[in-house]
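J.: The sequence isn't on hand, but the structure is:
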DNA sequence: TTGAAAGCGGTACCAC
DNA sequence: GTGGTACCGCTTTCAA
């Protein structure tokens, strides 16, 4: 490759000079445009190689008015869900020769707007955004005229904003979870959700509909708050301290899980027995928890991939687009068990379904527990 | 803000025209350079506001020869360790007005080199890299003359490469873990590590030294391989199938944990009793595992923060720099217990240390288990 | 203080 | 086919 020295120092005219050709020819050859004689092409290529020349993407972008870069605005890359989305998006984008500018909003709506502004200044060709809110005026104002294709994940905005959507079908997964719990005899189910964004609304609607379909008058509670470990802990603590505590809790966000587990462990509760727990969105090791955490799953990498694909398609040829819908599904695991007071009947049916879907089989685990007991801890 | 229409359309000359001033004045005012009369400043500001003008970062970068952007090359953002590093780096960089170009190498050395090339083309002002290998010729060649400050995390390269280093003290944490296990009576300890990079070498050296210091002739095994779930599973499976299986395993990377746990659960083993397990680098929920997973910890966010700080400092004024060392520490938890055959003596000492450091107290958990038994599952 | 003009490193149109 | 040249949008001397 290059001989040595600072790489940035060699420009296109150095290549032209060395090759003894015009600057325009170098550009043509290196851009892969047709219409250059083989010999000229050779000389240019050779000169470029000798100097270790690399075109300056800034200058190219300035002229071409396209940077082959896109901006990603998320709340927190530390959340495995977001990380998977970014990872999925990165995979398809990098393969298409696009780079990703990653920003963090920390879930603050005003920061969303700022980050988008910054990315637009940097002339990204498109944006993938997971806004903290759907109705933040500043964010909406910025989005209204981004000037480049915009893909939103799991958010819906007023028609006025020309965005494209990739949405998870939260209604289905949470609905299934709720029906599962109802079938298991639970009559006091609590749903903990975050702020009023699409996933929250879908989840609330799902449990409400499930309750209604079961012909149950009430017993459902919805706790609104923020999706944080602290809120998860506080919410579950509060619920369990109530006079009529729920027998099952559905967590509308994996950020709540650790907080909830803190309370559960602190109180010495056994999940699936004393309390049933369902979490939305998988977390590493959740299936290795004892018992495994029943989860409303989705393919989060796919979420990112699809968002990237939609974006690339729009960059290639802008226009309208149908929202992309991706499924979610409920994976019953040990933490979702029969209601404490339920009759033996429904319990049995439950058990069998559980055994089938648990990643960690019940038998060896219980065997281990027994052995442990014998080993005389 | 802006009236409407595509934002990118308004350039500096439009502002100049509207304000009735020269183009240079607009630049000066908007760049915050002194020496403009108040009235001119006002008119420029007003015009810019009216048009919703935002400077084109590409053009600025081209002229200024600095883009206030840095490149990050990691292996897999899906790994919570990497995600934390990125998150930490992003926090300090965005506050300093820098953007991050995120790339993924998927742990493939040749991709590292490609990604760095791409980022350099985009004229990043600096790089934070976690190379897959330390001796990949292509990567070294590229790094040799990046032309911008380069910070490496947890890797060391030949002197020839002008890089800056942020390193974790793996030796300490793993050494403590190993000594802990030895004190608990373990005499056959296995260490599973990845490829030959600094953390691997440090960890191997740590256990070797611990063994030597204890005056033990042998019993230590080191398994080299790749840091993947599959390898974790295969390695542990193989070890446990041996005629003299280890009584304790140290996993040199959190990617191995899930694989290891699969084997453990499949075989119905009880961690901390049948087999002791220590994992390097924390994973969500690992302390909620039953028993909690003993872990060699480190502040991964800090790792990213420091890397970013070093990079910013070097961008501000390039030069030599001392490597930054960050600590690691062993957090004993339930999964690291006494060796199966050990005498009661050392066991006792162990227990008390464990109880103190376990995030989840042993008592309520066992109580829960008992209750479960009574509930007649 | 302010503005004209020369680039930064490319691209692409337009003659030759 | 090939090369001159006018920009892209902005910063920065340099004169006025």
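T.: Everything's here; your move. Predicted model only: the values in this text are computed from it and were never measured.

J.: can you pull out the helices in the stretch 251-377 of chain A?
T.: Remark: helices assigned in the stretch 251-377 of chain A by DSSP state H, counting those that start in this stretch are A:257-266, A:300-316, A:344-357, A:362-374.

J.: Show the contacting residues for residue A:36.
T.: Contact analysis of residue A:36 by Cβ atoms under 8 Å, 6 or more residues apart in numbering or on different chains lists A:25, A:28, A:29, A:44. Any C-beta I mention is one placed from the backbone N, CA and C, and that applies to glycine too.

J.: Just the element for the second one, please.
T.: Counting by DSSP states H and E, the element that carries residue A:28 is helix A:23-30.

J.: Identify all contacting residues around that helix.
T.: Contacts for helix A:23-30 (Cβ under 8 Å, 6+ apart): A:12-13, A:15-16, A:19, A:33, A:35-36, A:40-41, A:44-45, A:47-48, A:53, A:55.

J.: got the domain boundaries for chain A?
T.: Using automatic domain parsing, the domains assigned to chain A come out as A:3-64, A:69-168+A:301-326, A:170-298+A:328-375.

J.: Just give the number of residues close to the residue nearest to residue A:340 when sequence neighbours are not counted.
T.: Using Cβ to Cβ, 6 or more residues apart in numbering or on different chains and skipping residues adjacent in sequence, the residue nearest residue A:340 is residue A:247, 5.9 Å away. Using other Cβ atoms under 10 Å in any protein chain shown, residue A:247 has 23 neighbouring residues.

J.: isn't residue A:247 right next to residue A:187, touching?
T.: Yes. Residue A:247 is within contact range of residue A:187, at 7.2 Å (criterion: Cβ atoms under 8 Å).

J.: joint contacts of these two?
T.: Contacts common to residue A:247 and residue A:187, judged by Cβ under 8 Å, 6+ apart, are residue A:339.

J.: between the domains of chain A, which gets nearest to DNA strand D?
T.: Among the domains of chain A, the nearest to DNA strand D by Cβ to the nearest atom of the strand is domain A:3-64 (2.5 Å).

J.: tell me the mean pLDDT for the closest one?
T.: Averaged across domain A:3-64, pLDDT comes to 91.

J.: Stretch A:109-121 too?
T.: The model assigns stretch A:109-121 a mean pLDDT of 97.

J.: got it, and stretch A:138-145?
T.: pLDDT averaged over stretch A:138-145 gives 95.

J.: So which bits of it are buried?
T.: Across stretch A:138-145, burial judged by 16 or more other Cβ atoms under 10 Å in any protein chain shown covers A:138, A:139, A:140, A:142, A:143, A:144, A:145.

J.: And stretch A:232-252, by the same measure?
T.: Neighbour-count burial for stretch A:232-252 [16+ other Cβ under 10 Å]: A:232-236, A:239-240, A:246-252.

J.: What of stretch A:310-320?
T.: A:310, A:311, A:312, A:314, A:315.

J.: Can you give me the distance of the closest residue to residue A:330 other than its chain neighbours to DNA strand C?
T.: Distances taken as Cβ to Cβ, 6+ apart put residue A:176 closest to residue A:330, at 3.9 Å, once the chain neighbours are dropped. Counting by Cβ to the nearest atom of the strand, to the nearest Å, the separation of residue A:176 from DNA strand C is 51 Å.

J.: Ramachandran coordinates for residue A:176?
T.: According to degrees, to the nearest 10, the main-chain angles of residue A:176 amount to phi -60, psi -40.

J.: Enumerate every residue touching it.
T.: A:296, A:329, A:330.

J.: tell me the pLDDT at it?
T.: Residue A:176 is given a pLDDT of 98.

J.: Same check on the one 4 residues further on?
T.: Listed pLDDT for residue A:180 reads 98.

J.: How many neighbouring residues does the residue of the stretch 151-300 of chain A found nearest chain B have?
T.: Nearest residue of the stretch 151-300 of chain A to chain B: residue A:268, at 3.1 Å (Cβ to the nearest Cβ). Neighbours of residue A:268 under the rule other Cβ under 10 Å: 17.

J.: ranges for the strands of the stretch 1-150 of chain A?
T.: Counting by DSSP state E, counting those that start in this stretch, the stretch 1-150 of chain A has strands at residues A:69-74, A:99-104, A:126-129, A:150-153.

J.: Which residues does the third one contact?
T.: Same thing as strand A:126-129. Contacts for strand A:126-129 (Cβ under 8 Å, 6+ apart): A:70-74, A:89, A:112, A:116, A:119, A:143, A:146, A:148-153, A:155, A:304, A:307-308, A:311-312, A:314-315.

J.: Also the last one?
T.: Residues outside strand A:150-153 that contact it (Cβ under 8 Å, 6+ apart): A:85, A:126-131, A:143, A:161-167, A:303-304, A:307, A:310-311, A:314.

J.: does chain B sit close to stretch A:93-113?
T.: Yes. Counting by Cβ under 8 Å from any Cβ of the partner chain, chain B is contacted by stretch A:93-113 at A:94, A:99, A:100, A:101, A:102, A:103, A:104.

J.: Quick check: bridge partners of the third one?
T.: Looking back up the chat, that one is residue A:100. Beta-bridge partners for residue A:100, by DSSP bridges, are residue A:70, residue B:102.

J.: check contacts around the closest residue to residue A:136 other than its chain neighbours.
T.: Excluding its sequence neighbours, the residue lying closest to residue A:136 (Cβ to Cβ, 6+ apart) is residue A:109, at 3.8 Å. Contacts for residue A:109 (Cβ under 8 Å, 6+ apart) come out as A:131, A:132, A:133, A:136, A:138, A:139.

J.: ok, now residue A:173?
T.: A:206, A:280, A:296, A:297, A:298, A:327, A:328, A:329, A:330.

J.: circling back to that earlier point, comparing the domains of chain A by mean pLDDT, which bottoms out?
T.: domain A:170-298+A:328-375 (a mean of 84).

J.: In a helix, residue A:233, correct?
T.: Yes. When DSSP: H, G, I helix; E, B strand; the rest coil is applied, residue A:233 is found to be in a helix.

J.: In contact with the nearest residue to it once chain neighbours are set aside: list those residues for me.
T.: Spatial nearest neighbour of residue A:233, chain neighbours left out: residue A:259 (3.3 Å); criterion: Cβ to Cβ, 6+ apart. Contacts for residue A:259 (Cβ under 8 Å, 6+ apart) come out as A:228, A:229, A:230, A:231, A:232, A:233, A:234, A:235, A:236.

J.: thinking the first one is in contact with residue A:255, fair?
T.: Okay, so that is residue A:228. Yes. Between residue A:228 and residue A:255 there is a contact at 5.7 Å, judged by Cβ under 8 Å.

J.: now the strands for the stretch 201-350 of chain A?
T.: A:220-224, A:248-251, A:276-280, A:294-298, A:324-326, A:328-331.

J.: The fourth one packs against which elements?
T.: Packed against strand A:294-298 by the contact rule (3 or more Cβ pairs under 8 Å, 6 or more residues apart in numbering or on different chains; DSSP states H and E) you find helix A:170-183, strand A:276-280, strand A:328-331.
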